[in-house]
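Asks: sequence plus the predicted model coming up.
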Amino acid sequence: HSHVLVLAVSPFLGLIAAGEANGRVTLWDAEVETVLHRFEGGALRSLHFLAAGEIHCLLCAESMRLISWDIDTGQFRSRNLRRSASCSS
């Protein structure tokens with residue numbers, strides 16, 4: 001088992017995302033207590049939900065990469081960055 005390092009909660013969507021030390025991210029439907037998707041990340045620094053209109057995604061910041069997953073389909077997207085990334089507010 002791996003330890004959870006980061007959590008993101010979306011009360012409006014009823015979702016919880018847990019990022020583990022091994023780089024795996026698990027997306028849960030909190031209302032029905034079911035795993036929706038499991039994603040493979042990397043060196044996770046933070047997780048955040050983005051819900052804007054029809055767009056619902058989970059964002060993950062790594063050291064030099066920003067990853068997003070479509071919540072509905074599980075589709076992966078990644079973008080390499082020129083500087084170190086952080087989604088902290």
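Replies: In hand now; what should we look at?
Asks: what's the closest non-adjacent residue to residue 56?
Replies: residue 71 (4.3 Å; Cβ to Cβ, 6 or more residues apart in numbering). To be clear about C-beta, it is placed using only N, CA and C from the backbone, and glycine gets the same treatment.
Asks: count the residues that sit near that neighbour.
Replies: Residue 71 has 21 neighbours, counted by other Cβ atoms under 10 Å.
Asks: what does residue 33 give?
Replies: Close neighbours of residue 33, defined as other Cβ under 10 Å, add up to 8.
Asks: next one: it from residue 14, what distance?
Replies: Counting by Cβ to Cβ, to the nearest Å, the gap from residue 33 to residue 14 is 11 Å.
Asks: so what sits against both of these two?
Replies: Here residue 33 and residue 14 share no contacting residue, scored by Cβ atoms under 8 Å, 6 or more residues apart in numbering.
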